[in-house]
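Chemist: quick one, what's the 3D model for this:
(one chain, ligands or ions: 1)
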Amino acid sequence: MEIKTVGVVGAGQMGNGIAHVLALAGYEVLLNDVNQTALDDAMARIERNMDRQVKGGKITEDDQKAALDRIRTTLTLSDLGATDLVIEAATEREMVKQAIFEDLLPHLQPHTILTSNTSSISITRLASRTDRPEKFMGFHFMNPVPVMQLVELIRGIATDEPTYKACLRVVERLDKVASSAEDFPGFIVNRILMPMINEAVYTLYEGVGNVASIDSAMKLGTNHPMGPLELADFIGLDTCLAIMNVLHDGLADTKYRPCPLLTKYVEAGWLGRKTKRGFYDYRGEAPVPTR
Ligand code: NAD
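Modeler: Below is the predicted model of the structure:
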């Protein structure tokens, strides 16, 4: 089956990037959110991000115009029933995602593939509450979507091969690379990345190094483009903590226990770049380490 139309649920940070890359690759995109402001902001952001790609010579003005014309927005979820593939990228709360799939089901065509961009919720569990667990997958983009090469494709226990192949073809048409993961907590990227970030926070907590020495050690010593604490601020410390809790609960191993210092930063509301303070303070001209 060839996928021509894609519905994207949630027009936040990830949803707008997903709509952006799909439209540039030639898919007709229907972008849905519960909030009109989120839809308007997403369209403005997509246009700005494409402007940057035009300036950088990555796409032409004609590509941009054609791509923007391929994106339609809607507040009505049932409009997505007509699409071949749905990528859910709404708020990371299981109740929210479950309600979206429940509301969508009566409107879907029999062949429509359902996917979720969730970072941490079980694909198998989300799939089991739909009428098509064999046509359900994890479609996990990285942030920022237009820049990052990887998409993790996660099979639930029931996902069938044609569904996997159809999603793989979409990833290839986006000019991205798929990494295939089984449905266990954190999949591949977060299973490896988050314990590393958490260990960096322990290294800070125990006074082995300060923020600057930990980040420069990992940048210059292991060739990482960003230090782990800088990266944690970029991702959001609340998100890092939530994913550590998913690993800890789901794998029942104390090696995934979140560092108390990470919890303390989240309790303080120091969530990283988005609140202008995390392991670095972003309120001035240049980021200043907070420890
Ligand atoms: P976000 O908060 O920026 O956006 C979420 C959007 O969903 C909001 O615009 C909100 O209005 C909308 N929404 C909420 N309920 C809805 C509903 N019932 N129907 C339609 N829209 C609804 O969040 P985000 O960072 O874009 O994350 C979205 C998903 O992507 C989450 O599952 C998250 O785990 C996953 N993800 C995030 C990142 C990241 O770095 N931010 C990376 C990979 C995956």
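Chemist: for the closest residue to the ligand within the chain, which non-adjacent residue is spatially closest?
Modeler: Nearest residue of the chain to the ligand: residue 12, at 1.7 Å (CB to the nearest ligand atom). No exception for glycine: its C-beta is placed from N, CA and C like everyone else's. In space, and not counting its chain neighbours, residue 12 is closest to residue 38: 6.4 Å by CB to CB, 6 or more residues apart in numbering.
Chemist: wait, is the one you found part of a helix?
Modeler: Yes - looking at residue 38 with DSSP: H, G, I helix; E, B strand; the rest coil, it is inside a helix.
Chemist: that one contacts residue 9, doesn't it?
Modeler: No - Residue 38 lies out of contact with residue 9 (CB atoms under 8 Å); the separation is 11.3 Å.
Chemist: comparing these two, which shows the higher neighbour count?
Modeler: Shown here are residue 38 and residue 9; by other CB atoms under 10 Å, residue 9 has more neighbours (27 against 19).
Chemist: so who does the more buried one touch?
Modeler: Contact partners of residue 9, counting by CB atoms under 8 Å, 6 or more residues apart in numbering, are 15, 32-33, 77, 80, 86-90, 100, 104.
Chemist: next: residue 124.
Modeler: Taking CB under 8 Å, 6+ apart as the criterion, residue 124 is in contact with 133, 156-158, 183.
Chemist: flag every residue of the stretch 1-150 of the chain that's near the ligand.
Modeler: Along the stretch 1-150 of the chain, the residues adjacent to the ligand under the rule CB under 6 Å from any ligand atom are 9-15, 32-35, 38, 89-92, 96, 100, 117-119, 140-141, 143.
Chemist: are any of the residues you listed buried, and which?
Modeler: For these, a burial check counting by 16 or more other CB atoms under 10 Å picks out 9-15, 32-33, 38, 89-90, 92, 100, 117-119, 140-141.
Chemist: so which of those sit within strands?
Modeler: Judged by DSSP state E, those include 9, 32, 140-141 as members of strands.
Chemist: biggest separation within these, which pair?
Modeler: Maximum pairwise distance among those (CB to CB): 19.2 Å, between 32 and 140.
Chemist: returning to that earlier point: could the ones in strands among the buried ones among the residues of the stretch 1-150 of the chain next to the ligand go into TSV alongside pLDDT?
Modeler: Listed next are these as TSV, based on pLDDT from 0 to 100:
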residue	pLDDT
9	98
32	98
140	98
141	98
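Chemist: which one among those residues gets closest to residue 60?
Modeler: The closest of those to residue 60 turns out to be residue 141 (CB to CB; 24.2 Å).
Chemist: is it true that residue 7 touches residue 28?
Modeler: No - assessed by CB under 8 Å, residue 7 is found out of contact with residue 28, at 9.8 Å.
Chemist: give me the more crowded residue out of those two.
Modeler: residue 7 (26 against 18).
Chemist: contacts only, for that one.
Modeler: 29-32, 79-80, 83, 85-87.
Chemist: just confirm residue 178 is within a helix.
Modeler: No - under the criterion used here (three-state DSSP), residue 178 is strand, not part of a helix.
Chemist: residue 136 versus that one, what's the distance?
Modeler: The gap separating residue 178 from residue 136 is 17 Å, by CB to CB, to the nearest Å.
Chemist: between these two, who's got more neighbours?
Modeler: For residue 178 versus residue 136, neighbours defined as other CB under 10 Å are more numerous around residue 136 (26 against 19).
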